[in-house]
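**Q** Sequence first, predicted coordinates after that:
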Amino acid sequence: MRPEMTAASLDTTARSSAERGALARARLLRGLLPALSLALVLLAIAWLNPRAISYFGFSLMLNLAIPIALATIAQMFVIAGNELDLSIGTFVGFVGCVTATWLKDAPLIGVAILLGSIGVYALLGALIHLRNLPSIVVTLGMSFVWQGLAILVLPKPGGKAPDWLLAFMAFKPPFVPFPIIAALLIGLIVHFGLMRTSYGVILRGSGGNPAALGRAGWSLLKTKIVLFALAGLFGVLSGMALIGITTSADANIGNGYTLLAIAGVILGGGEFVGGRVSPIGAVIGALTLALAASPLLTFMHIPPDWQVAANGAILIIVLAARVLISRRER
Amino acid sequence: MAALKPLLAKPWIWSFLGALLVWLATIAFTGGYGAGGMVTAALSLAVFTVIVGVGQMFVITLGPGNVDLSLPANIGLASAVAMKVMDGNDAMIVVGLLAALATGAAIGAANYLLIWALRIPPIIATLSASFIIQSIDISYGRGLQIKPPPGFADFANWQVLGIPVLAILTVLFTVGAAIALQRMIYGRSVLAIGQNIRAAWLAGVNVGLIRFLTYTLSGALGGIDGALLAGYFRGANVDIGNEYLLASIAVVVIGGTSVAGGKANVPGVWGAALFLVLLLTMLNTFGVSAGVRLLLTGLIIVGVITAAGGQKALR
């Protein structure tokens, strides 16, 4: 939401104040679009099944929203640097397998493996920058690596989440369900880090205008490494949160997260190029997908076969709405 | 050596050398046993990767950001459609193939419609489309283990002197694709768009039409591939196309096509497909577990792209 203000402020100075007013309205509408889509899905659920709008209902419906939101944030960091991570899903699965085995049985080794995997992410960022590689192909290859490692760690579905993790994910705060508090915290913390700190601006700038940033003396190698390491960190958190909820793991457990995470970022107002991302929007996008995919369809008596299609349809509808708003922006 | 020089300069030669190397390593391990059978098996399996690989190659050549992520879902749906239309009846084979082709082409056209109407990056358009296609496929092919007609299954597995007939047909098809790419207005337009879309437009290339045709072509090839896969493996299922997302992109890149667009290479697709299939055969022959096989496949793809490196990013 922020970056377009700085980028667009230059060309708006020449326009009349009336035009500027219309432009501001369109931009506001565009910024509110993620929240509007979420509100719409919530309204539909409330209308179909009023009892779902309760402490218990939300805890249940948003059960898997935390890992999805964390994976979406991970993808958002990569997209902020004009890259794309097609391996985040299998990475989440790999982390899940490590969490359900090593992290429980030998916590020190488990922590070392997880830290090492964040290091691998950082190295990938460096490799992609130094060799000028297409991130799509590199991460597509890495998705096989993580999947292979996950199968090696946990050949058969099973394992068990560490007790402290189970206890943490089962936390029941008063009044507001845990998933909502967690989503708010994740969104706000990342928003502060990426949108409000000076290095956050540099990170987004590395996607917005890498050449300018490079000439200004900032290391593009370092920004890419930091962005990928952050993606790895949030991927690890996502995998751990997932296992904290499901209690046991399976090498394929995270496979669907790659596409969900990309969809979440885009739904949340992120753009593919130019470092235009929004952490709060991404979390809202993830919540929308989590709610629309299964609870909404169940209440509408639509068979689960169409869950994936609902994600696709929401994505298309929101993007179509965005196109309509952008036309007014011109 | 001097005669080899121009050959070594070809970008596709490396993928064939890689395939040869992997093949030699495997027969060295087995002591020469099964060397011929391995080539036959590799040719039959490579066919399916080559067909979608060529479609993906044309799409990627359109320039940065162009990629078709809907191929796996497309293959799955088209395989189900083909098997349902054929309904185990030899007389319906051609109709079934046409139905698969039409399904794929419709998916490709829908992809471009999304790209054009919503002005969104092709990655997101083909991604959202694949979500929807996947659901249609699950719902359409639910609980069905549809078998191909015996005549079609035999055709897909037909060999002459150890050479799969499907492979011969696919070679002819790739020769046609190479001619279309290098010698026809369509192919030259694709290359021009990939090199500089604005310049191509100023030079009078109908950019919209060419992109539409390319996405439709990629979709149609995915559809045909789905039907052939269902024939070869004697049955359609939802997951039949899953491995072809990575495979189709990997063969394009390993085969020497530029991910930045504007530079394509048809023979390389064959070399890279053979390389990938033989690589899997080698790892299976060595008796490694599924985990190690996936791990090594991934590492080799990352290794190859790192070695090839130095190109502009796909997006």
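**A** Cool, got the structure. As the structure is a computational prediction, the values presented were derived from the model and not from experiment.
**Q** for the chain, what helix or strand is lowest in average pLDDT?
**A** No chain was given, so I picked chain A. Sorted by mean pLDDT, DSSP states H and E, the helices and strands of chain A end with helix A:3-12, the least confident at a mean of 44.
**Q** should've been chain B
**A** Every helix and strand of chain B was ranked by mean pLDDT, DSSP H and E. The lowest is helix B:5-8, at a mean of 66.
**Q** for the next helix or strand after that one, the distance to its chain's centre please.
**A** Downstream of helix B:5-8, the next assigned helix or strand under DSSP states H and E is helix B:13-30. Distance, stretch centre to chain centre, for helix B:13-30: 21 Å (C-alpha atoms, centre = their mean, to the nearest Å).
**Q** again with stretch A:157-175
**A** For stretch A:157-175, the distance to the chain centre is 21 Å (C-alpha atoms, centre = their mean).
**Q** Beyond the least confident helix or strand of chain A, next helix or strand please.
**A** Sequence-wise, the next helix or strand downstream of helix A:3-12 (DSSP H and E) is helix A:17-48.
**Q** That next one and chain B in contact?
**A** No: figure legend: helix A:17-48 not in contact with chain B (C-beta under 8 Å from any C-beta of the partner chain); closest approach 13.7 Å. In short, each C-beta sits where N, CA and C put it, glycine included.
**Q** tell me which residues in that helix are buried?
**A** Within helix A:17-48, the residues that count as buried by 16 or more other C-beta atoms under 10 Å in any protein chain shown are A:23, A:26-27, A:29-31, A:33-34, A:37-38, A:41-42, A:44-45.
**Q** That helix packs against which elements?
**A** In terms of contacts (3 or more C-beta pairs under 8 Å, 6 or more residues apart in numbering or on different chains; DSSP states H and E), helix A:17-48 is packed against helix A:3-12, helix A:279-291, helix A:307-329.
**Q** So which residues lie in contact with the helix or strand following that helix, not counting its own?
**A** Scanning forward in sequence from helix A:17-48 by DSSP H and E, the next helix or strand is helix A:55-61. With C-beta atoms under 8 Å, 6 or more residues apart in numbering or on different chains as the contact definition, helix A:55-61 has outside contacts at A:45, A:51-52, A:172, A:175-180, A:290-291, A:294-295.
**Q** Only C-alpha atoms, please: export the helix or strand just after helix A:55-61 in PDB.
**A** Going down the chain from helix A:55-61, the next helix or strand is helix A:65-80, by DSSP H and E. Only the C-alpha atoms of helix A:65-80 are listed here, as PDB (Å, rounded to 0.1, in the frame of the first residue of the first chain):
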ATOM      1  CA  ALA A  65      -4.900 -20.300   8.900                       C
ATOM      2  CA  ILE A  66      -1.700 -19.800  10.900                       C
ATOM      3  CA  PRO A  67       0.600 -22.100   8.900                       C
ATOM      4  CA  ILE A  68      -1.000 -20.800   5.600                       C
ATOM      5  CA  ALA A  69      -0.500 -17.100   6.800                       C
ATOM      6  CA  LEU A  70       3.200 -17.900   7.700                       C
ATOM      7  CA  ALA A  71       3.900 -19.600   4.400                       C
ATOM      8  CA  THR A  72       2.200 -16.700   2.600                       C
ATOM      9  CA  ILE A  73       4.500 -14.200   4.400                       C
ATOM     10  CA  ALA A  74       7.500 -16.400   3.400                       C
ATOM     11  CA  GLN A  75       6.400 -16.200  -0.200                       C
ATOM     12  CA  MET A  76       5.800 -12.500   0.100                       C
ATOM     13  CA  PHE A  77       9.500 -11.800   1.000                       C
ATOM     14  CA  VAL A  78      10.600 -13.700  -2.100                       C
ATOM     15  CA  ILE A  79       8.100 -11.800  -4.300                       C
ATOM     16  CA  ALA A  80       9.200  -8.500  -2.800                       C
END
